[in-house]
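Colleague: No sequence on hand, only this structure:
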């Protein structure tokens, strides 16, 4: 395992989390959700890389990455990870874009961003750099 590679994942994940905040502040809620998922994906890949010593697979499945990183979340946090994973699919492949825009209200998206930050911070603290 290269600490440089793990650091690269962490830096990229933090960049994406900041982008999620910026998208929220700009009222771009669909992209906020997408970037929340991406930030969690990358911070999980950082931990997985640290644990396995190998470059993580090019997948988006947060539940799989949790297992690869050997992390156990609280039931509430685990439910959130499943939720954000499912919502991310909708943002990538919209069936009804106008409905999706209505579904991702400021209030709902803010809650997703807050929960993302909580899980992100917890995972980040477990990474040894």
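Modeller: Yep, that arrived. Remember, it's a predicted structure, so these values are computed and weren't measured experimentally.
Colleague: Output the contacting helices and strands for the strand or helix carrying residue 10.
Modeller: According to DSSP states H and E, residue 10 maps onto helix 3-25. In this structure, helix 3-25 packs against helix 29-52, helix 106-126, with contacts taken as 3 or more C-beta pairs under 8 Å, 6 or more residues apart in numbering; DSSP states H and E. C-beta here means a position set from N, CA and C on the backbone, and glycine is covered the same way.
Colleague: What's the mean pLDDT across stretch 25-39?
Modeller: Stretch 25-39 shows a mean pLDDT of 97.
Colleague: mind listing what's buried in the helix or strand hosting residue 79?
Modeller: Per DSSP H and E, residue 79 falls inside helix 75-92. Using 16 or more other C-beta atoms under 10 Å as the burial criterion, the residues of helix 75-92 that qualify are 77-78, 80-81, 84-85, 87-88, 90-91.
Colleague: need the contact list for the closest residue in space to residue 80 that isn't next to it in sequence.
Modeller: The spatially closest residue to residue 80, leaving aside those adjacent along the chain, is residue 115, at 4.8 Å (C-beta to C-beta, 6 or more residues apart in numbering). Going by C-beta atoms under 8 Å, 6 or more residues apart in numbering, residue 115 touches 77, 80, 84.
Colleague: Let's have those in a markdown table, adding distance to residue 61 and pLDDT.
Modeller: A markdown table is the format used below for those (distance: C-beta to C-beta, whole Å; pLDDT from 0 to 100):
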| residue | distance to residue 61 | pLDDT |
| --- | --- | --- |
| 77 | 16 | 94 |
| 80 | 15 | 96 |
| 84 | 12 | 96 |
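Colleague: Relative to residue 56, which of these is nearest.
Modeller: Among the contacts of residue 115, residue 84 lies closest to residue 56 (C-beta to C-beta), at 17.9 Å.
Colleague: For the protein, list the residue farthest from the centre, please.
Modeller: residue 98 (23.9 Å; C-alpha atoms, centre = their mean).
Colleague: what about that residue, helix or strand, and which?
Modeller: Going by DSSP H and E, residue 98 is in helix 97-103.
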